[in-house]
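Make a model of this:
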Amino acid sequence: MGATGLSGKSVIVTGAASGIGRAAALRFAAEGARVVIADLNAEGAESVVREVESAGGTALAVTGDLSESAVVDAVVTAAVGTFGGIDVLVNNAGVMDTMSAAADVTDAEWERVLRINLTAPFLLTRAVLPHMIAAGGGAIVTTASEASLRGSAAGTAYTASKHGLLGLTRSLAVMYRDQGIRANAIAPGGTATGITADVRIDPGAHGPAVIGRHFVNMGRICEPEEQAAAIVHLASDAASGINGVVLPVDNAWAAV
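Just a heads-up that it's a prediction; the model follows:
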């Protein structure tokens, strides 16, 4: 536990009620960190808090839509007020799209996916930065996607949102490195989580047919715990020299 330097640290994990976020929250808590479980699913978030506490860890839940500024403020206030600051932010929450090509994407789908997948992480990152700067540093880890690395792993809206997360990560790494803040991302391949795509297969929906041909190269499905291990490593002291990196955790899909 000591090697990671996470014991006693204050950590926010979004989308932590299930999947990769839950696995990351449990792993941070096992390393001795105090964890804010942020998620839209109140019941799921409280369930993860109970898991952490039953294992002897410390956690609290804050629920709501992280694309809303009031919820972002509530998450930051809870972390600072209860745990005394924010040492690590994990931007993990996200949604899939309908796997649609650009001509088939509605305004509503585009705005929803970009708002949740890209704007919400930006809002929360912007809110935590002053606290990290005042403390002399911190670590930000973002869950991007295989769709951040290619144009054939999801629909247009999701792909654009996840490419945007790489730009956000790299900008943060360069602009805040002299203030002790590291920003990195993981790019998960297929992972056994609850996130699903509402795929429309019809003559006008070009996305699924095109994308389907590329999934043969995906390889085996990873477990959420494998993604969580990478997140915790990037947030830990063991990764102190790693900044601005996008780490595929995809069983070599990105190498195909």
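
Any idea which helix or strand in the chain has the lowest mean pLDDT?
Using mean pLDDT, DSSP states H and E, helix 206-212 stands out as the lowest-scoring helix or strand of the chain, at a mean of 51.

so what does the helix or strand following that one touch, helix or strand wise?
Counting by DSSP states H and E, the element after helix 206-212 in chain order, helix or strand, is helix 224-235. Where contact means 3 or more C-beta pairs under 8 Å, 6 or more residues apart in numbering; DSSP states H and E, helix 224-235 is packed against helix 19-30, strand 88-91, strand 138-143, strand 181-188, strand 246-249. C-beta here means a position set from N, CA and C on the backbone, and glycine is covered the same way.

hey, C-alpha coordinates of helix 224-235 in PDB?
What follows is helix 224-235, C-alpha atoms only, in PDB (Å, rounded to 0.1, in the frame of the first residue of the first chain):
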ATOM      1  CA  PRO A 224     -13.100  -3.700 -15.200                       C
ATOM      2  CA  GLU A 225     -10.400  -4.600 -12.700                       C
ATOM      3  CA  GLU A 226      -7.800  -4.600 -15.400                       C
ATOM      4  CA  GLN A 227      -8.800  -1.000 -16.400                       C
ATOM      5  CA  ALA A 228      -8.900   0.000 -12.700                       C
ATOM      6  CA  ALA A 229      -5.300  -1.300 -12.200                       C
ATOM      7  CA  ALA A 230      -4.100   1.100 -15.000                       C
ATOM      8  CA  ILE A 231      -6.100   4.000 -13.600                       C
ATOM      9  CA  VAL A 232      -4.700   3.600 -10.100                       C
ATOM     10  CA  HIS A 233      -1.200   3.100 -11.400                       C
ATOM     11  CA  LEU A 234      -1.300   6.400 -13.400                       C
ATOM     12  CA  ALA A 235      -2.600   8.200 -10.300                       C
END
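
my guess is Ser67 meets Pro121, correct?
No - applying C-beta atoms under 8 Å as the test, Ser67 and Pro121 come out as separate, 9.6 Å apart.

Counting neighbours around each, name which of those two comes out higher.
The neighbour count for Ser67 versus Pro121, taken as other C-beta atoms under 10 Å, is higher for Pro121 (28 against 21).

re earlier: just say which of the helices and strands packed on helix 224-235 is most tucked in.
Mean neighbours per residue, mean count of other C-beta atoms under 10 Å, is largest over the helices and strands packed on helix 224-235 for strand 88-91, with a mean of 30.

tell me the mean pLDDT for that one?
Strand 88-91 carries an average pLDDT of 98.

what packs against it?
The contact analysis (3+ C-beta pairs under 8 Å, 6+ apart) places strand 88-91 against strand 10-14, helix 19-30, helix 120-135, strand 138-143, helix 224-235.

make it 6 Å
If contacts are counted by 3 or more C-beta pairs under 6 Å, 6 or more residues apart in numbering; DSSP states H and E, strand 88-91 sits against strand 10-14, strand 138-143.
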